[in-house]
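**Student:** Sharing a model that was predicted from the sequence below.
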Amino acid sequence: MFIRQINEPFLNCIKHFGGNNAFFIKGKFYSYINFAEHVSKIRTALQSAKSTGTNIGLVANDDVETYASILAYG
């Protein structure tokens, strides 16, 4: 349920503001579309590893992969 509360507004932002900046991390801008691509790649990797439905660990750094991983798992 928590993930749905995050994913639905995020998907809405991609639809309406895809080219706008979503994140600025370590001197680099990431648009909503670019960020969504990172989420998609990580989600695909998790699904192919059949990790869905189990707990996983996440090493948190200040990088786009960390933020994308949070959304990808949901």
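**Tutor:** Ah, there it is. Source: prediction; values computed, not measured. Numbers count the residues shown, from 1 in each chain.

**Student:** hey, where'd the helices end up in this structure?
**Tutor:** Assigned helices in the chain, in chain order: 2-17, 32-48, 64-73 (criterion: DSSP state H).

**Student:** And the first one, how far out from the chain middle?
**Tutor:** On the basis of C-alpha atoms, centre = their mean, to the nearest Å, the separation between the geometric centre of helix 2-17 and that of its chain is 10 Å.

**Student:** ok, residue 67 - how many residues close by?
**Tutor:** The number of residues packed near residue 67 is 19, by other C-beta atoms under 10 Å. (Glycine included, C-beta is placed from N, CA and C.)

**Student:** about what we covered before: closest to residue 26 out of the helices of the chain?
**Tutor:** helix 64-73 (8.9 Å; C-beta to C-beta).

**Student:** tell me the angle the closest one makes with helix 32-48.
**Tutor:** Between the axes of helix 64-73 and helix 32-48, defined by axes from the mean of the first three to the mean of the last three C-alpha atoms, to 10 degrees, the angle is 60 degrees.

**Student:** Just send the helices of the chain back as TSV, with distance to residue 57 and mean pLDDT too.
**Tutor:** Listed next are those as TSV, based on distance: least, C-beta to C-beta, whole Å; pLDDT from 0 to 100:
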stretch	distance to residue 57	mean pLDDT
helix 2-17	17	78
helix 32-48	12	90
helix 64-73	10	87
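
**Student:** possible to save these as TSV with distance to residue 55?
**Tutor:** Formatted as TSV, the helices of the chain follow (distance: least, C-beta to C-beta, whole Å):
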stretch	distance to residue 55
helix 2-17	14
helix 32-48	12
helix 64-73	10
